[in-house]
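**Student:** I need the structure of the sequence given here:
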Amino acid sequence: MVDLINLFESMLRIRMVEETIAEKYSEQEMRCPTHFCLGQEAIPVGVSIHLRKADYVYSGHRSHGHYLAKGGSLKAMISEIYGKQTGCALGRGGSQHLNDLDAGFIASAPILGGTIPIAVGSVYSINSNVNDRVSVVYFGDGATEEGVFHEALNFASVKKLPVIFVCENNLYSVHSSFDVRQPKDRNISDIGPAHKIPSFRGNGNDIEEVMEIAGNAINTARDGGGPFLLEFMTYRWLEHCGPNEDLHLSYRTKEEMDEWLANCPIRLFENKLREKNILSDKIRVEIEEKISDEINSAFEYAKNSPFPDPQTLFNYTYPKN
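**Tutor:** Numbers count the residues shown, from 1 in each chain. Model prediction:
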């Protein structure tokens, strides 16, 4: 049985981590481009609740929530954003290059759609030996406009691979709305059947709906049912890259923003838990204090950690001939 309080805590943890990063970003100690997932917390939590440690997860540039939900180290993530040697990529990658092999979070990368074929290839390489391992790859709606997305779906379908393609459709690719980039009246989930892949579309701000859709897909794929394409509708609260709001750019309206803010995934779930007398003020305060202590410890650890030795600049790179 799913622990509903744990689900709430997992979403709130991602939210509070992101808010703290955004708050401290202006201190100019985090020098890498940073993409925030505020408003999109239900999707990684609802998917990861069905995953095992051995399952593979891949992501793109907006990866903090995916990393944390899969069990990635918060201290290592914050250290990476600060460019420290204790970071999960040894301070060499920054926010967009997270990895934690111990947690099964294999990689994130900023190249649009770049990890989609890697997620397919990795599970293909081990599929004959580990039949119940699944691979999950997260991407935004913009990545579905890349050729590699269709190539990966086709290959996964032909080989009947246990890959879960998770599209977080937040309606915008940087500042371009969905309707100027993709055909009218076609959902991203409609693409799956063209490759003979079962596809589902759901409310990405409803943690219980995400859990149900993702659980069915993951369990079926794990049992040999092949790949799935899941499209979850959601919305990012901040600018495409950075810790600020961007309504002044006029590519989206305040009315639209207010509508999505009112559908905050954490608030919606909190209201349900309170109605069922599962969550109280006391429990919520205890959860917040626990998360705050963890966050403060992670930032203290990161700030006190050393930078990489300049002499190791070319380590972990391809050698020159």
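**Student:** mind checking the SS state of residue 183?
**Tutor:** Assigned with DSSP: H, G, I helix; E, B strand; the rest coil, residue 183 falls in the coil class.
**Student:** how close does it sit to residue 145?
**Tutor:** With distances taken as Cβ to Cβ, to the nearest Å, residue 183 is found 11 Å from residue 145. All C-beta atoms are positioned from the backbone trio N, CA, C, and that covers glycine.
**Student:** those two: which has the busier surroundings?
**Tutor:** residue 145 (14 against 8; other Cβ atoms under 10 Å).
**Student:** correct me, but that one touches residue 182?
**Tutor:** Yes - in terms of Cβ atoms under 8 Å, residue 145 counts as a neighbour of residue 182; the distance is 7.0 Å.
**Student:** by mean pLDDT, flag the weakest helix or strand of this protein.
**Tutor:** One helix or strand of the chain scores below all others by mean pLDDT, DSSP states H and E: helix 116-126, with a mean of 92.
**Student:** gap between stretch 45-52 and the chain center?
**Tutor:** Stretch 45-52 sits 11 Å away from the centroid of its parent chain (Cα atoms, centre = their mean, to the nearest Å).
**Student:** what residues of that stretch count as buried?
**Tutor:** 45, 46, 47, 48, 49, 50, 51 (16 or more other Cβ atoms under 10 Å).
**Student:** and for stretch 286-301?
**Tutor:** Using 16+ other Cβ under 10 Å as the test for burial, stretch 286-301 gives 287, 291, 295, 298, 299, 301.
**Student:** the second one: which element?
**Tutor:** Read it as residue 291. Element membership for residue 291, per DSSP states H and E: helix 281-304.
**Student:** just checking, what packs against that helix?
**Tutor:** For helix 281-304, the packing partners by 3 or more Cβ pairs under 8 Å, 6 or more residues apart in numbering; DSSP states H and E come out as helix 4-25, helix 74-81.
**Student:** just the residues contacting stretch 261-272, thanks.
**Tutor:** Contact partners of stretch 261-272, identified using Cβ atoms under 8 Å, 6 or more residues apart in numbering, comprise 7-8, 11-12, 15, 39-42, 204-208, 234-235, 237, 279, 284.
**Student:** rewinding a little: among the buried residues of stretch 45-52, name the ones in helices.
**Tutor:** Among the buried residues of stretch 45-52, DSSP state H puts 45, 46, 47, 48 in helices.
**Student:** isn't the third one up against residue 213?
**Tutor:** By that I understand residue 47. No - counting by Cβ under 8 Å, residue 47 stays clear of residue 213, with 9.1 Å between them.
**Student:** what about the strands in the protein?
**Tutor:** 56-59, 105-108, 135-140, 163-169, 172-173, 176-177, 199-203, 228-233 (DSSP state E).
**Student:** just the residues contacting the third one, thanks.
**Tutor:** I take that to be strand 135-140. For strand 135-140, contacts defined as Cβ under 8 Å, 6+ apart pick out 43-44, 47, 51, 55-60, 62-63, 66, 113, 115-116, 118-120, 122-123, 149, 161-170, 173, 218.
**Student:** partner strands of that strand, parallel or antiparallel?
**Tutor:** As defined by DSSP bridges, the strand partners of strand 135-140 come to strand 56-59 (parallel), strand 163-169 (parallel).
**Student:** alpha carbons only: can I get the first one in CSV?
**Tutor:** Okay, so that is strand 56-59. Written as CSV, here are the backbone C-alpha positions of strand 56-59 (Å, rounded to 0.1, in the frame of the first residue of the first chain):
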residue,chain,number,x,y,z
TYR,A,56,17.3,3.2,-15.1
VAL,A,57,16.2,6.8,-15.2
TYR,A,58,17.3,9.5,-17.7
SER,A,59,16.4,13.1,-17.9
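**Student:** hmm, back to that, mind putting the strands paired with strand 135-140 into a markdown table with mean pLDDT and distance to residue 195?
**Tutor:** As requested, the strands paired with strand 135-140 are arranged in a markdown table below (pLDDT from 0 to 100; distance: least, Cβ to Cβ, whole Å):
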| stretch | mean pLDDT | distance to residue 195 |
| --- | --- | --- |
| strand 56-59 | 98 | 19 |
| strand 163-169 | 98 | 10 |
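**Student:** so who does the one residue sitting closest to the centre of the chain touch?
**Tutor:** With distances taken as Cα atoms, centre = their mean, residue 66 lies nearest the centre of the chain, 3.2 Å away. Listed by Cβ under 8 Å, 6+ apart, the contact set of residue 66 reads 44, 48, 57, 59, 105, 108, 138.
**Student:** sweet, I'm off.
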